[in-house]
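Enquirer: Here is my input; please provide its structure:
(one chain, ligands or ions: 1)
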Amino acid sequence: VVDAVGVVDAVVIGAGQAGLSAVHHLLRRGAHAPGAPSPIEGAPPGGPGVVVLDAEEGPGGAWRHRWDALTMATVNGIRELPGMPPVEPVPEEPASRAVPDYFARFEGRNPLPILRPVRVTRVEDDRTSPPDPATGLPLLRVHAERTDGGPAPAPLRTRAVLNATGTWTRPFVPAVPGARDFRGRTLHTAEYTRAEDLAGLRVAVVGGGISALGFLLDLEGVAETTWYTRREPVFRDEPFTEEAGRLAVAGVAERVEAGLPVRSVVSATGLAWTPALRAAVDRGLLHRHEMFTRILPDGVLEAEGRRRAVDVILWATGFRHELRHLRPLHLHGPAGGIRMQGTAVAADPRIHLLGYGPSASTIGANRAGRAAVTELLVTLAGDAHKKP
Ligand code: FAD
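Expert: Now for the predicted structure:
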């Protein structure tokens with residue numbers, strides 16, 4: 001279908017919170033599938049032709065993969081998608097079911113087709129066609145594959161990319177000497193499903209964030225856990241105010257505007273006490289050890305020099321942004337990060353990163369979707385290029 005229409009105005013990659021927020025705002029600005037009319041009655045004419053590609057089998061983004069014990073009662077708070085009522089709170093329902101159901105309802109109301117399961121493998125300059133007069137830059141060529149083994153779609157030519165690929169597919173595990181010789185099992189947050197899988201085992205839980213705390217609680221009474229973090233986790237006594245949230249996000253934004261490597265928003269906000277966590281401290285469950293210095297074939301060497309036998313190392317050590325498909329565009333600068341200007345890559349107005357850096361939360365993803373669409377339409381109209 002797309003091949004027949006030639007160049008599309010924009011490709012949205014990823015249909016998690018950030019990608020869907022962009023879809024909502026694009027539709028309100030008259031966006032439509034290539035060669036089709038706008039599906040929204042009364043939408044402004046002349047909106048951009050847009051293709052949305054998502055690697056998942058169905059709606060939900062990374063929420064489809066969260067572990068069973070992460071319920072609507074234990075998530076941090078999920079912001080509603082634009083134009084939607086809030087997620088209905090059924091506290092005991094796993095987030096991996098509740099959020100995908102909610103996203104599916106959103107997609108029913110926002111009928112811009114999402115092509116699934118289609119993973120983008122490479123985005124590069126298209127040198128075969130003349131530059132886009134609006135930006136003075138080459139068009140982009142988007143290569144993709146179907147993750148269900150179906151035939152690869154034809155490469156797309158596009159004027160711009162709204163990249164909203166999240167982090168779930170890029171688990172981060174720090175390098176620790178001896179890791180290769182470990183004979184036990186290693187597991188990352190992205191692979192954890194339920195406590196029963198680790199029943200009766202000795203588990204080293206590594207990480208100072210919300211996921212590590214969740215695993216310690218989930219594994220209580222099922223496995224024998226020891227908790228390791230590099231730094232003393234910082235808990236907040238006071239409720240997190242909007243002002244504190246803004247400051248934390250501003251700190252992360254400052255770094256990306258300077259082209260520095262991204263820090264997570266949570267690392268800037270600290271952890272909030274909950275009644276469940278306070279009770280866990282009273283039971284002696286949250287006893288933190290300094291990060292181990294070496295992995296041994298049958299355990300770990302602790303910072304004080306003690307050997308501890310463990311069967312499983314559970315890395316709750318976070319994620320990196322999934323941007324590997326953008327490597328051919330060489331977006332990273334000398335300071336180690338991608339310098340951003342709003343949601344656009346400062347050196348390349350064809351590329352917007354949503355859910356990246358300061359917008360890596362459900363509220364941030366919502367805002368990024370709106371901001372990116374506004375900026376994108378300016379760029380496509382050629383107005384950004386005309387600026388002195
Ligand atoms: P995702 O939801 O990850 O969506 C990315 C989409 O892109 C996926 O559908 C994926 O399949 C697709 N994709 C990836 N690569 C490609 C590719 N190459 N081609 C095509 N498609 C691709 N935030 C909160 O505000 N509240 C919370 O309670 C909360 N809890 C969290 C709990 C955990 C365990 C984690 C890891 C994060 C949590 N966050 C929370 C952060 C929040 O999940 C994210 O910031 C937000 O949901 C991310 O949305 P996203 O659209 O950027 O990414």
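
Enquirer: Now do the contacts for the residue in the stretch 101-250 of the chain that the ligand sits nearest to.
Expert: Distances between the stretch 101-250 of the chain and the ligand by Cβ to the nearest ligand atom are smallest at G166, namely 2.2 Å. All C-beta spots, glycine's among them, are computed from the backbone N, C-alpha and C. Contact partners of G166, counting by Cβ atoms under 8 Å, 6 or more residues apart in numbering, are G14, G16, A18, G61, A62, H321, E322, G355.

Enquirer: Quickly note the distance from it to A272.
Expert: In this view, G166 and A272 are 23 Å apart by Cβ to Cβ, to the nearest Å.

Enquirer: Quickly list what L296 is bridged to.
Expert: Counting by DSSP bridges, L296 forms beta bridges with G299.

Enquirer: where in this structure is pLDDT low?
Expert: By pLDDT under 70, the low-scoring segments of the chain are 1-5, 239-240, 265-268, 384-388.

Enquirer: Get me the contact residues on it for the ligand.
Expert: By Cβ under 6 Å from any ligand atom, the residues of the chain that approach the ligand are 13-19, 53-56, 61-62, 66, 75-79, 119-120, 164-166, 168-169, 211, 322, 325, 355, 360-363, 365.

Enquirer: Filter the residues you listed down to just the ones in strands.
Expert: Counting by DSSP state E, the residues of the chain next to the ligand place I13, L53, R119, V120 in strands.

Enquirer: excluding its backbone neighbours, what's nearest the third one?
Expert: Pointing back at R119 there. Leaving aside its sequence neighbours, R119 sits nearest to A55 (Cβ to Cβ, 6 or more residues apart in numbering; 4.0 Å).

Enquirer: Count the neighbours of the one you found for me.
Expert: Residues near A55, counting by other Cβ atoms under 10 Å, number 21.

Enquirer: what sits against it?
Expert: So A55 contacts G14, R116, P117, V118, R119, V120, T147, T169 (Cβ under 8 Å, 6+ apart).

Enquirer: Report how many residues lie close to the closest residue in space to the second one that isn't next to it in sequence.
Expert: Leaving aside its sequence neighbours, R116 sits nearest to D54 (Cβ to Cβ, 6+ apart; 5.1 Å). By the other Cβ under 10 Å criterion, the neighbourhood of D54 contains 26 residues.

Enquirer: can you tell me which residues contact whichever residue of the stretch 1-150 of the chain sits closest to the ligand?
Expert: Using Cβ to the nearest ligand atom, G16 is the residue of the stretch 1-150 of the chain that sits closest to the ligand, at 2.2 Å. Counting by Cβ under 8 Å, 6+ apart, G16 touches G60, G61, A62, W63, A164, G166, G355, A365.

Enquirer: Name the residues that touch stretch 307-315?
Expert: Residues outside stretch 307-315 that contact it (Cβ under 8 Å, 6+ apart): 171, 173-174, 182, 184-189, 192, 198, 201-207, 215, 223, 226, 292, 295-296, 298-302.

Enquirer: List buried residues within those.
Expert: Buried by 16 or more other Cβ atoms under 10 Å: 171, 182, 184, 187-189, 192, 198, 201-207, 215, 223, 226, 292, 295-296, 299-302, out of these.

Enquirer: Among those residues, which ones are in strands?
Expert: By the criterion of DSSP E, membership of these in strands covers 187-188, 202-206, 226, 295-296, 299-301.

Enquirer: that older thread, going by neighbour count, which of the contacts of A55 comes out on top?
Expert: Within those, most neighbours by other Cβ under 10 Å means G14, with 27 neighbours.

Enquirer: so it touches T167, yeah?
Expert: No - using Cβ atoms under 8 Å as the test, G14 is too far from T167 to be in contact (10.7 Å).

Enquirer: E375 looks like it's in a strand, true?
Expert: No - under DSSP: H, G, I helix; E, B strand; the rest coil, E375 sits outside any strand and is assigned helix.

Enquirer: so it makes contact with H352?
Expert: Yes - the criterion here is Cβ under 8 Å, and E375 meets it with H352 at 6.8 Å.

Enquirer: Neighbour count for these two, which is higher?
Expert: Legend: neighbour count by other Cβ under 10 Å for E375 and H352, higher for H352 (29 against 19).

Enquirer: Was I right to think that one contacts R159?
Expert: No - when contacts are counted by Cβ under 8 Å, H352 is not listed as touching R159 (12.0 Å).

Enquirer: Report the buried members of the residues of the chain next to the ligand.
Expert: Buried members of the residues of the chain next to the ligand, counted by 16+ other Cβ under 10 Å: 13-19, 53-56, 61-62, 66, 75, 78-79, 119-120, 164-166, 168-169, 211, 322, 325, 355, 360-363, 365.

Enquirer: These in helices, which ones?
Expert: When DSSP state H is applied, those are split such that Q17, A18, G19, S211, T362, I363, A365 fall in helices.

Enquirer: Could you pull up the residues touching the second one?
Expert: Pointing back at A18 there. Applying Cβ under 8 Å, 6+ apart, the residues near A18 are A164, G166, L354, G355, S359, A365, A368, G369.
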